[in-house]
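Undergrad: Starting from these lines, generate the structure:
(chains A and B)
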Amino acid sequence: DAKTTQPPSMDCAEGRAANLPCNHSTISGNEYVYWYRQIHSQGPQYIIHGLKNNETNEMASLIITEDRKSSTLILPHATLRDTAVYYCIVTVGTDKLIFGTGTRLQVFP
Amino acid sequence: NAGVTQTPKFQVLKTGQSMTLQCAQDMNHNSMYWYRQDPGMGLRLIYYSASEGTTDKGEVPNGYNVSRLNKREFSLRLESAAPSQTSVYFCASSEMGARQGTQYFGPGTRLTVL
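TA: Alright, predicted model coming up:
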């Protein structure tokens, strides 16, 4: 699975959009981009995934660049409850998800 | 649906003691996983079971054994606990195929080995 690079931390004002970047320059054609988050010490929570097209669900939007070497997770209206560690994972969808250290997003009032 | 449940929530062991962590899912998923998370680190895969009756090693299997008891249940056993196994343990499950990357996690078991 391709390696990902994320900033260690980011801040966002409540009500504003949070844009979390992820670099995956070695991604191969059949690898998906997955995003998970972990709130405090809870189990990770699936957010969204995509292959090449942009995706949107009730939680977030995922924008993947045309060359697929990077992506951005967008939380359109961040709330205090979105404070968490966000993990970007690239995988072919097989059994092994490799979690890095992620981005710690702090949403402030 | 309860999703993925884990027992116990907390456990303190002495070095050399054994214990089994239990995990169950009610989503009829084929695949199940055990991860550990050390402070300030991401999750690391210990063992996984792609389907009932099969198990495979992950990234950090040493010191652990697993049993896929049936489709619902996947247990993790520490035969002789060591302080290095102090960690938070998460169980997860997923469907097979292209959606295997979508895993559902339990609340975790916080284990301290003295």
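Undergrad: ok, B:Ala82 to B:Leu111 distance?
TA: Here B:Ala82 is placed at a distance of 11 Å from B:Leu111 (Cβ to Cβ, to the nearest Å). C-betas here are computed from N, CA, C, even on glycine.
Undergrad: Have a look at the two and say which one is more surrounded.
TA: For B:Ala82 versus B:Leu111, neighbours defined as other Cβ atoms under 10 Å in any protein chain shown are more numerous around B:Leu111 (20 against 12).
Undergrad: Contacts only, for the more buried one.
TA: Contact partners of B:Leu111, counting by Cβ atoms under 8 Å, 6 or more residues apart in numbering or on different chains, are B:10-13, B:19, B:21, B:81, B:85-89.
Undergrad: tell me the SS of it?
TA: strand (DSSP: H, G, I helix; E, B strand; the rest coil).
Undergrad: close enough to count as contact, B:Thr112 and B:Ser84?
TA: No: applying Cβ atoms under 8 Å as the test, B:Thr112 and B:Ser84 come out as separate, 11.9 Å apart.
Undergrad: What count of nearby residues applies to A:Cys88?
TA: When neighbours are counted by other Cβ under 10 Å, A:Cys88 registers 26.
Undergrad: got a list of what it touches?
TA: So A:Cys88 contacts A:4, A:6, A:20, A:22, A:24, A:33-35, A:71, A:73, A:100, A:102-103 (Cβ under 8 Å, 6+ apart).
Undergrad: can you narrow those residues to ones near chain B?
TA: Counting by Cβ under 8 Å from any Cβ of the partner chain, A:34, A:100, A:102 from the contacts of A:Cys88 sit close to chain B.
Undergrad: What's the per-residue pLDDT of the last one here?
TA: The per-residue pLDDT reported for A:Gly102 equals 94.
Undergrad: How many neighbouring residues does A:Thr103 have?
TA: 21.
Undergrad: Dig out what it forms beta bridges with.
TA: Note on A:Thr103: beta-bridge partners A:Tyr86, judged by DSSP bridges.
Undergrad: Kindly report the same for the one 4 residues further on.
TA: Per DSSP bridges, residues listed as beta-bridge partners of A:Val107: A:Cys12.
Undergrad: Distance-wise, check it relative to chain B.
TA: Distance, A:Val107 to chain B, by Cβ to the nearest Cβ, to the nearest Å: 20 Å.
Undergrad: thinking that residue is in contact with A:His77, fair?
TA: No: A:Val107 is beyond contact range of A:His77, at 10.3 Å (criterion: Cβ under 8 Å).
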